[in-house]
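Participant: A predicted structure for the sequence below; I have some questions about it.
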Amino acid sequence: MENKIRVYREKNSLSQGKLAELCNVTRQTINAIENNKYDPSLELAFTLSYILSTPIEELFIFTYGRNEKK
């Protein structure tokens with residue numbers, strides 16, 4: 001699953017550390033999500049959506065497999 005977390009985080013003038021603090025996760029978790037190395041839990045995805053004031057479907061793009069879009 002790809003995402004636009006970095007784009008919306010920067011639009012909201014948040015560092016990875018501050019976003020992590022607001023989500024109650026580590027900065028490394030936010031970094032891994034932004035770099036598509038980790039897919040967040042459903043709860044964390046909704047928390048990110050809430051904090052970034054962005055609909056969840058705007059933040060995450062579902063892809064079949066990691067490299068193949070359908």
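Facilitator: Now that the structure is in, tell me what you want to look at.

Participant: how about stretch 37-45: buried residues?
Facilitator: Neighbour counts over stretch 37-45 (16 or more other CB atoms under 10 Å) mark 40, 44, 45 as buried. Bear in mind the C-beta positions are built from the backbone N, C-alpha and C, glycine included.

Participant: from what I can see, the first one looks like it's in a strand, true?
Facilitator: Meaning residue 40. No - counting by DSSP: H, G, I helix; E, B strand; the rest coil, residue 40 is not part of a strand but coil.

Participant: From residue 3, how far off is it?
Facilitator: Using CB to CB, to the nearest Å, we find residue 40 at a distance of 8 Å from residue 3.

Participant: can you list residues touching both of the two?
Facilitator: Common contact partners of residue 40 and residue 3 (CB atoms under 8 Å, 6 or more residues apart in numbering): residue 33.

Participant: Nearest residue to the residue nearest the centre of the chain in space, please, no chain neighbours.
Facilitator: Residue closest to the average C-alpha location in the chain (CA atoms, centre = their mean): residue 5, at 3.9 Å. Closest residue to residue 5 apart from its sequence neighbours, by CB to CB, 6 or more residues apart in numbering: residue 34 at 5.1 Å.

Participant: for the one you found, what are its contacts?
Facilitator: 3, 5, 6, 9, 16.

Participant: Secondary structure element holding the third one?
Facilitator: Right, residue 6. helix 5-11 (DSSP states H and E).

Participant: how far out from the middle of the chain is the helix or strand following that helix?
Facilitator: Going down the chain from helix 5-11, the next helix or strand is helix 16-23, by DSSP H and E. In this view, helix 16-23 has its centroid 11 Å away from the chain centroid, taken as CA atoms, centre = their mean, to the nearest Å.

Participant: shaky segments in this structure?
Facilitator: 65-70 (pLDDT under 70).

Participant: cutoff 80 now
Facilitator: 63-70 (pLDDT under 80).

Participant: hang on, the earlier thing: and the helix holding residue 6, what's buried?
Facilitator: 5, 8, 9.

Participant: which helices and strands does that helix pack with?
Facilitator: helix 27-34, helix 56-59 (3 or more CB pairs under 8 Å, 6 or more residues apart in numbering; DSSP states H and E).

Participant: ok, now how distant is the closest residue to residue 53 other than its chain neighbours from residue 58?
Facilitator: Computed as CB to CB, 6+ apart, the closest residue to residue 53 that is not its neighbour in sequence is residue 12, at 7.3 Å. Separation of residue 12 from residue 58 (CB to CB): 13 Å.
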